[in-house]
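Asks: This is the structure alone, sequence omitted:
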């Protein structure tokens, strides 16, 4: 039996549309996507974030490591369909990612990296600093790089890696405060790298302006992002 046939272990589709889903589960990146004017482009960025969210869920919702691996394999099979000219399974994130990949020329290798990075979360052992940096780069960093590619194919998309990495590390600070010195180094690098991104690609990293700096309310978060976009600095 293939992994795709094991429906009891496959992630079920959300009843809400993907934009509403990301607004609920990933508010930082949803807010950053509001600075994307073109609706189709914004939908393709949301597809990347939805894929990343589904991968992030795998270690959290599985009751053991084997089930987590099965969920990640389910998504690897989805990529085989997307890039193998085969019918894509009826899951909202998979369908949206297939459209984005076709329209934007997304690389399978980058999407595979997002999957591979989540296997480390199935290991209960604490990550070393080097492992944490690799994890941040290969999750939030690669997602930001893909978003930058969608937003502006002409920009140097790799310059978004540091911003996405800083955002991912910032999300871990509450539970791992000893990460702060590492985070500060990465956010400093991200501020420098993000200046080389085009104006069109900047929303791929602007959510890093929220990393490690809790805002008191939604208005404050929106204001911080608006200022970052106006200045072109995270």
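Replies: That came in fine, so what should we check first? Predicted model only: the values in this text are computed from it and were never measured.
Asks: Would you mind listing the buried residues in stretch 106-116?
Replies: Neighbour counts over stretch 106-116 (16 or more other Cβ atoms under 10 Å) mark 106, 110, 111, 113, 114, 115 as buried. Where C-beta positions appear, they are placed from N, C-alpha and C, glycine not excepted.
Asks: What are the neighbouring residues in contact with residue 112?
Replies: Applying Cβ atoms under 8 Å, 6 or more residues apart in numbering, we find residue 112 in contact with 76, 79.
Asks: For residue 129, state which of the buried residues of stretch 106-116 is nearest.
Replies: Distances from these to residue 129 were compared by Cβ to Cβ; the smallest belongs to residue 113, at 19.9 Å.
Asks: returning to that earlier point: any idea which of the buried residues of stretch 106-116 is closest to residue 41?
Replies: Using Cβ to Cβ as the measure, the one of those that approaches residue 41 most closely is residue 106, at 13.0 Å.
Asks: On the three-state scheme, the closest one is what?
Replies: coil (DSSP: H, G, I helix; E, B strand; the rest coil).
Asks: Identify the single longest helix in the protein, thanks.
Replies: Longest helix in the chain, counting residues (DSSP state H): helix 39-61.
Asks: Pull out the buried positions in that one.
Replies: Using 16+ other Cβ under 10 Å as the test for burial, helix 39-61 gives 41-56, 58-59.
Asks: With stretch 217-233 instead?
Replies: Using 16+ other Cβ under 10 Å as the burial criterion, the residues of stretch 217-233 that qualify are 221, 224, 225, 228, 229.
Asks: My read is that residue 19 contacts residue 43, right?
Replies: Yes: if you go by Cβ atoms under 8 Å, residue 19 and residue 43 touch, sitting 7.4 Å apart.
Asks: quick one, what contacts the residue nearest to the spatial centre of the chain?
Replies: Most central residue of the chain, judged by C-alpha distance to the mean C-alpha position with Cα atoms, centre = their mean, is residue 143 at 4.0 Å. The neighbourhood of residue 143, defined by Cβ under 8 Å, 6+ apart, consists of 48, 49, 52, 114, 164.
Asks: picking up where we left off before, inside helices: which ones of the buried residues of stretch 217-233?
Replies: 221, 224, 225, 228, 229.
Asks: What separation do you get for residue 99 and residue 23?
Replies: Note on residue 99: its distance to residue 23, by Cβ to Cβ, to the nearest Å, is 20 Å.
Asks: and what of residue 50?
Replies: Residue 50 sits 11 Å away from residue 23, taking Cβ to Cβ as the criterion.
Asks: helix/strand/coil for the residue nearest to the centre of the chain?
Replies: Three states are possible here, and by three-state DSSP the one that applies to residue 143 is helix.
Asks: What sits closest to it if chain neighbours are left out?
Replies: Spatially, and ignoring its direct neighbours in sequence, residue 143 is nearest to residue 52 (4.6 Å; Cβ to Cβ, 6 or more residues apart in numbering).
Asks: From residue 162, how far off is that neighbour?
Replies: Noted for residue 52: a distance of 17 Å to residue 162, by Cβ to Cβ.
Asks: Next: residue 128.
Replies: Taken as Cβ to Cβ, the span from residue 128 to residue 162 is 20 Å.
Asks: For those two, work out which one has more neighbours and name it.
Replies: Summary of the neighbour comparison: residue 128 and residue 162, criterion other Cβ atoms under 10 Å, with residue 162 having more neighbours (27 against 9).
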